[in-house]
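Asks: Pasting the sequence and the predicted model now:
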2 protein chains.
Amino acid sequence: MFKVILRFGLIIAALLILFQLSKMSLFIPEMSQDLTIGLVGAAFIGLGVYLGLKFRKVEIIEVSPSIEIDHDRIQSLGLTEREMEVLHHIAEGCSNIEIGEKLFVSENTIKTHVSNLFVKLDVKRRTQAVTRAKELRIIQ
Amino acid sequence: MFKVILRFGLIIAALLILFQLSKMSLFIPEMSQDLTIGLVGAAFIGLGVYLGLKFRKVEIIEVSPSIEIDHDRIQSLGLTEREMEVLHHIAEGCSNIEIGEKLFVSENTIKTHVSNLFVKLDVKRRTQAVTRAKELRIIQ
DNA sequence: TGTAATTTCATACTAAAGTATGAGCCTTAA
DNA sequence: TTAAGGCTCATACTTTAGTATGAAATTACA
């Protein structure tokens, strides 16, 4: 509210100065009318731009902020490429056997990856791993 | 590009008209200088507002479109209140025992709910249930 | 070329998840 | 006052998941 009052005050002050200027030009005949109009125009155009920007409706466009993957965090957690692959498949809801089939390795291998993953993410279950990974923004 | 040229053309035209106006006031002395300045001011303030709005940077505020829960789908799938509660806790990464503790019922009860949930969601595993539930927009 | 990190796999567990079935209790509505 | 639906629980079982440990093969890199 205070800000609004301040702004209108400034606008009124600007107007007064401009009208004062217009009277001055009466006493300074060598100041051409064109110049006066130029000055007035410049001042008002500035004022107009200011008002236009200040009191415009803020345009809110709903854009789902593309959740950026935090590669630095992946690094700092020491997650390997293979572990990230496994993590993605876990997030899709795959079983260990299914992940093994997709990556052409044994279930045991997947179990190893999963266990290492849990240690690095500090979780106990795969469902936790998914929520944690999303919190940490290392998966979508 | 054409639009830009058109706009600048209009601006130039407006300027010419204003200067013409200023000259007219020389031949129409009864038209006071204050009035001239007022007209010029009004014109330029309008121009300023127009320019300010047209050539502003478009402000894009990233807002995640709140994913609306599809209550109709929950209905049509026949998911009960209790099952939804369990589903939410599954999505959080809770174990059956933990969910039981939170809802003050036994692990066996949770298992029953979970099994019924899987049938209704047509999935085999809890991780799948979570992804499916998100697809169906019945949880966040 | 040697070393560290990654990936792979196995075995042998334990723990948790999931299935199937039956049943008791409560509320709500016909 | 039944019947239905929802919630609870149990038992018994099968299947996955997860842990611990050790080890071989591969890759990358100094």
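Replies: Yep, it's here. Quantities reported herein were computed from a predicted structural model and do not represent experimental measurements.
Asks: Show me the helices in chain A, by range?
Replies: A:2-27, A:33-54, A:71-77, A:81-92, A:96-103, A:107-121, A:126-135 (DSSP state H).
Asks: For those, which has the smallest mean pLDDT value?
Replies: Among the helices of chain A, helix A:2-27 carries the lowest mean pLDDT, at a mean of 55.
Asks: and chain A, which residues reach DNA strand D?
Replies: Within reach of DNA strand D by CB under 7 Å from any atom of the strand, chain A has these residues: A:95-97, A:108, A:111-112, A:114-115, A:118, A:124-127. (C-beta placed from N, C-alpha, C; glycine too.)
Asks: What's the ChimeraX line that selects buried ones from these?
Replies: Entered in ChimeraX, the line below selects the buried ones among these, by 16 or more other CB atoms under 10 Å in any protein chain shown:
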select /A:95,96,114,118,125,126,127
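Asks: between the residues of chain A next to DNA strand D, which is closest to B:Leu39?
Replies: A:Thr127 (71.6 Å; CB to CB).
Asks: any idea how far B:Thr112 is from that closest one?
Replies: According to CB to CB, to the nearest Å, A:Thr127 stands 19 Å off from B:Thr112.
Asks: same check, this time on A:Asp70
Replies: In terms of CB to CB, A:Asp70 sits 39 Å off from B:Thr112.
Asks: now swap in A:Leu136 and tell me
Replies: 33 Å.
Asks: how many other residues sit next to A:Ser106?
Replies: Per other CB atoms under 10 Å in any protein chain shown, the neighbour tally for A:Ser106 reads 13.
Asks: which residues touch stretch A:113-121?
Replies: A:77-79, A:82-83, A:86-87, A:90, A:96, A:124-126, A:128-129, A:132-133, A:136 (CB atoms under 8 Å, 6 or more residues apart in numbering or on different chains).
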